[in-house]
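Peer 1: Generate a structure from the sequence data that follows.
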Amino acid sequence: MTFLTTLTSGRTGTVLRYVAVALAGALGSIAFSVPAANWFLLVSLAVLFLVTVQPGSKKEGFLFGWLWGIVFFSVGLRWCYGSLHDHGQLSMMLSVTAIVLLGAVLACFIGCVTGITRVLPVSRRLKLIVLLPVLWSIFELLRGVEPAGFGWLSVGYAYSSDFFGAWAPIAGVYGVGFAVVLTVGFAVELLFPHEDKKPWLKTVDAIVLGALAMVTLVLNDVTYSEPGSRLEVRLVQPDLPVAMSYTQSTAVKRIDRAVAMSSRSAMGKQLDLIVWPESTIATPLRNGLDVPALAAVDVAAKTGASVVFNAFYREGPGRYYNGMWMAADKNKPAQLFYRKHHLVPFGEFVPAGFRWFVDALGIPMADQLRGPVGGEPFEVSGVSGAAGICYENMFGEELRHAWDQANPSFILNTANLGWFSEAVLPQFTGMSAMRARETARPLIQAVQNAHSALIGPDGKIERLASAGAQNMDLTLVTATGKPTPFVRFGLWPLIGLLVLLMAGVLALARRENRSHQA
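Peer 2: Below is the predicted model of the structure:
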């Protein structure tokens, strides 16, 4: 508290504030890797907010946010190092530089928040309790949706299964984030009041904070779904190595391992579903009669379970989709039921002007086609499910479109995170947990090397696989019930609220400008 108090002192040097902001950025990123440390993010945001509302120039305000963001994103996205250095063969210096540059670009969103806050002529109190939370949420939305489309490390993900996560079924991850930054703003104003602040305003701040906590507490007790049918599921985690290219021999060995693990005894249980993770089948398929797909059909015939697997679908020359297939009947070929919609820039599609970069890294299958948003519904033993591949678990606004055609009772995600360092694992699983909580549906994820998981409709991780080859046999209790408010209305209620609040602040700022001119 003493350290934070010094940041508000007029005698505090600018250098100390920059140091404090940089340290706060590093501290905040830890919250996404260590769930028990998510309160670090509250402290981190408090430091940034406190420094931002001190008197100073708009340039300084932007730089505070930008520096916080550079450190926050560079530390939080350190898992990119494995992809750039270990697989892309970039030097250590180039890999680190690339991560910092990515952090610097993403940090511009944070810099805009703090810079605009410095510019608008409204009171310090209004900046803390309205302007900063609103701007933060607006720019986090802009970062997370198209065309930017990179919502990784959005504030709400640190609270997927925690107290603030109760807002997820209502307003999604960005609604959770708004509740968090609103709490931080009121807390900073309450604990570090301006010298001229009227005593009764302190009481108001305490009441609002208490009311926000009470509403959140009540929301934590609200259930949006009921237990449904049970499915016996095997998540196969074969721990296959990442390879930039495959020979026929290595491709067969990969499938053989998955087949062997799928065929192991289920201890007397009849499996309904077997899931292979992304990249188990390494070669593109033209149809469900290709040899790799027939291996899954054979497993389905022997076990009586539906087998879901990933494989690229070759629609024609140069036309590839990242697809999800199902083998469920020995008399029928495997069926393509889902094509990935949200593609990873550089890894799955080539942004304009960057073909040279992708070619330099030698990334295979880097120019794919998009499938339809939401995808097609699929069924396992008569139970409807929604699907997503890899980092599509970051886009709740797209996943909710799976409810346009059906009422899914569970969510399935398959991924291969072997391209990245281990630091990616808890962050990835945290995003899956947020999707489960937003939709009030359980989620199962089959990951190639580690963190295959069962996540409950409340966002809590019920089963989690450690690193290494293993099967995770589990009973999936599906969920039934009406779609959550977020599934029905998406981000529009939150966007409407943010627009109204921002319009109110701008009106006050305009009035303040006129009074000064008069």
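
Peer 1: ok, how many other residues are close to the residue nearest to residue 144 when sequence neighbours are not counted?
Peer 2: In this structure, residue 144 finds its nearest non-sequential neighbour in residue 151, 2.8 Å apart by C-beta to C-beta, 6 or more residues apart in numbering. Every residue, glycine included, has its C-beta placed from N, CA and C. Residues near residue 151, counting by other C-beta atoms under 10 Å, number 22.

Peer 1: The protein - how does it break down into domains?
Peer 2: 2-222+491-517, 226-483 (automatic domain parsing).

Peer 1: what packs against the longest helix belonging to the chain?
Peer 2: When the chain is parsed with DSSP state H, its longest helix is helix 92-119. Where contact means 3 or more C-beta pairs under 8 Å, 6 or more residues apart in numbering; DSSP states H and E, helix 92-119 is packed against helix 39-52, helix 58-76, helix 80-81, helix 132-144.

Peer 1: Hmm, residue 166 and residue 216 touching each other?
Peer 2: Yes. Using C-beta atoms under 8 Å, residue 216 is in contact with residue 166, at 5.3 Å.

Peer 1: neighbour-wise, which of these two wins?
Peer 2: Under the criterion of other C-beta under 10 Å, the comparison of residue 216 against residue 166 puts residue 166 first, with 22 against 17.

Peer 1: which residue sits closest to residue 462, ignoring its sequence neighbours?
Peer 2: Closest residue in space to residue 462, ignoring its immediate chain neighbours: residue 454 at 4.8 Å, by C-beta to C-beta, 6+ apart.

Peer 1: partners of the helix or strand where that neighbour lies in the sheet?
Peer 2: Using DSSP states H and E, residue 454 falls within strand 453-455. Take DSSP bridges as the rule and strand 453-455 pairs in its sheet with strand 443-447 (antiparallel), strand 461-464 (antiparallel).

Peer 1: Check the offset of that strand from the chain's centre.
Peer 2: Centroid separation between strand 453-455 and its chain, computed with C-alpha atoms, centre = their mean, to the nearest Å, is 15 Å.

Peer 1: list the contacts for residue 106?
Peer 2: Counting by C-beta atoms under 8 Å, 6 or more residues apart in numbering, residue 106 touches 69, 73, 143, 150.

Peer 1: In a markdown table, list these along with distance to residue 201.
Peer 2: A markdown table is the format used below for the contacts of residue 106 (distance: C-beta to C-beta, whole Å):
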| residue | distance to residue 201 |
| --- | --- |
| 69 | 31 |
| 73 | 35 |
| 143 | 33 |
| 150 | 38 |
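
Peer 1: buried set for stretch 287-303?
Peer 2: For stretch 287-303, the neighbour count (16 or more other C-beta atoms under 10 Å) marks 288, 290, 292-293, 295-300, 303 as buried.

Peer 1: Show me which of the residues you listed is closest to residue 49.
Peer 2: Within the buried residues of stretch 287-303, the smallest distance to residue 49 is 52.2 Å, found for residue 296 (C-beta to C-beta).

Peer 1: Setting aside sequence neighbours, what's the nearest residue to that closest one?
Peer 2: Closest to residue 296 by C-beta to C-beta, 6+ apart is residue 327, at 4.0 Å.

Peer 1: got it, and residue 73?
Peer 2: residue 103 (3.6 Å).

Peer 1: how close does that neighbour sit to residue 93?
Peer 2: 16 Å (C-beta to C-beta, to the nearest Å).

Peer 1: Neighbour count for those two, which is higher?
Peer 2: Comparing residue 103 with residue 93 by other C-beta under 10 Å, the one with more neighbours is residue 103, at 23 against 9.

Peer 1: how close does the residue nearest to residue 296 sit to residue 283?
Peer 2: On the measure of C-beta to C-beta, residue 327 and residue 283 end up 16 Å apart.

Peer 1: more crowded one of the two?
Peer 2: residue 327 (25 against 16).

Peer 1: So which helix or strand of this protein has the lowest pLDDT on average?
Peer 2: None of the helices or strands of the chain scores lower by mean pLDDT, DSSP states H and E than helix 2-7, at a mean of 58.

Peer 1: what element comes up after that helix heading to the C-terminus?
Peer 2: From helix 2-7, the next helix or strand downstream (DSSP H and E) is helix 14-30.

Peer 1: That next one: which residues count as buried?
Peer 2: Quick answer for helix 14-30 (16+ other C-beta under 10 Å): 17-18, 20-22, 24-30.

Peer 1: List the contacts of residue 241.
Peer 2: residue 418.

Peer 1: now it, what's its secondary structure?
Peer 2: Here residue 241 is coil, with the state taken from DSSP: H, G, I helix; E, B strand; the rest coil.

Peer 1: do the same with the one 5 residues further on
Peer 2: Under three-state DSSP, the three-state class of residue 246 is coil.

Peer 1: Now do the SS call for the closest residue to it other than its chain neighbours.
Peer 2: Taking C-beta to C-beta, 6+ apart, and ignoring the residues beside it in sequence, residue 246 has residue 282 as its nearest neighbour in space, at 4.4 Å. Of the three states, residue 282 takes coil under three-state DSSP.

Peer 1: What is the neighbour count of the residue nearest to residue 462?
Peer 2: By other C-beta under 10 Å, neighbour count at residue 454 equals 23.

Peer 1: what's the distance between residue 276 and residue 305?
Peer 2: Distance of residue 276 to residue 305, computed by C-beta to C-beta: 12 Å.

Peer 1: More neighbours: which of these two?
Peer 2: Between residue 276 and residue 305, counting by other C-beta under 10 Å, residue 276 is the more crowded of the two (31 against 25).

Peer 1: Touching, that one and residue 296? I think so.
Peer 2: Yes. When contacts are counted by C-beta under 8 Å, residue 276 is listed as touching residue 296 (7.4 Å).

Peer 1: who touches both of these two?
Peer 2: In terms of C-beta under 8 Å, 6+ apart, residue 276 and residue 296 are both contacted by the residues 307, 309.

Peer 1: where does the stretch 101-250 of the chain have low pLDDT?
Peer 2: Along the stretch 101-250 of the chain, segments meeting pLDDT under 70 span 195-197, 244-245.

Peer 1: what ranges do the strands span in it?
Peer 2: Assigned by DSSP state E, counting those that start in this stretch, the stretch 101-250 of the chain shows strands spanning 226-237.

Peer 1: residue contacts, the residue nearest to residue 116 when sequence neighbours are not counted?
Peer 2: Using C-beta to C-beta, 6+ apart and skipping the chain neighbours, the partner closest in space to residue 116 is residue 135 (5.9 Å). Counting by C-beta under 8 Å, 6+ apart, residue 135 makes contact with 112-113, 116-117, 502.

Peer 1: and of these, the nearest to residue 52?
Peer 2: Among those, and counting by C-beta to C-beta, the member closest to residue 52 is residue 117, at 5.4 Å.

Peer 1: That closest one is in contact with residue 132, isn't it?
Peer 2: Yes. With contacts counted by C-beta under 8 Å, residue 117 reaches residue 132, the gap being 5.6 Å.

Peer 1: any shared contact partners between these two?
Peer 2: With C-beta under 8 Å, 6+ apart, residue 117 and residue 132 have common neighbours 52-53.

Peer 1: Just the helices from the stretch 151-300 of the chain, written as ranges.
Peer 2: 168-191, 199-219, 248-262, 291-303 (DSSP state H, counting those that start in this stretch).

Peer 1: List the contacts of residue 371.
Peer 2: 321, 323, 338-341.

Peer 1: 6 Å - rerun?
Peer 2: By C-beta atoms under 6 Å, 6 or more residues apart in numbering, residue 371 lies in contact with 321, 339-341.
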